[in-house]
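Asker: Build me a structure from this.
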Amino acid sequence: MLTTRRATAADATELARLASSLVNDTGEWTSRAAHFFHTHADTDRVAAFVIDRPGGLAACASATITRSIPGPDHTGTYAHIHTVYTEPDHRLRRYARATVQALLGWLAAQGCGLITLNASDGGAPLYRSLGFTINERAMRLIRPPGTCLRARPAVNI
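Answerer: The predicted structure is shown next:
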């Protein structure tokens, strides 16, 4: 049986390392990610579940919780799963499933009825097997750090 545990602030550097491995990018953002995990890992709004290996972490799954206006498909407490990653030499051992299932249990205990994630082609079968479905409504906007949207004047049509 696999043993998962909730990550703590002490795991921040390793969580950032796994996140950078996931996207194959070790840029400046990884220090911001480490700081984020160090600051928030022990709160009720962020959680990561991990599997240990000698000298570090073998796998992780993390999520952030948002409390907002209730909607037709959620009560106002929802989550987004981030950084589901397993080190290459530990793959095909159900590590991702174990960490995601532990995370889903924790999110349910926090009252999250709506949980979203962005799935890779390789990860999609796992998430489908856990009950996730595709949502065609999703859109996103990416802005460089330090920029903001300026209000546009009203347009009369």
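
Asker: distance between the longest helix along the chain and the chain's centre?
Answerer: Secondary structure of the chain per DSSP state H: the longest helix is helix 95-109. For helix 95-109, the separation from the chain centroid amounts to 11 Å (computed by CA atoms, centre = their mean, to the nearest Å).

Asker: Which helix or strand contains residue 81?
Answerer: Using DSSP states H and E, residue 81 sits in strand 77-86.

Asker: now the residue nearest the centre of the chain, nearest residue through space, not along the chain?
Answerer: Closest residue to the average C-alpha location of the chain: residue 82 at 1.7 Å, with CA atoms, centre = their mean. Spatial nearest neighbour of residue 82, excluding adjacent residues (CB to CB, 6 or more residues apart in numbering): residue 62 at 5.1 Å. For every residue, glycine as well, the C-beta is placed using N, CA and C.

Asker: Give me the secondary structure label for the one you found.
Answerer: Using DSSP: H, G, I helix; E, B strand; the rest coil as the criterion, the local structure at residue 62 reads strand.
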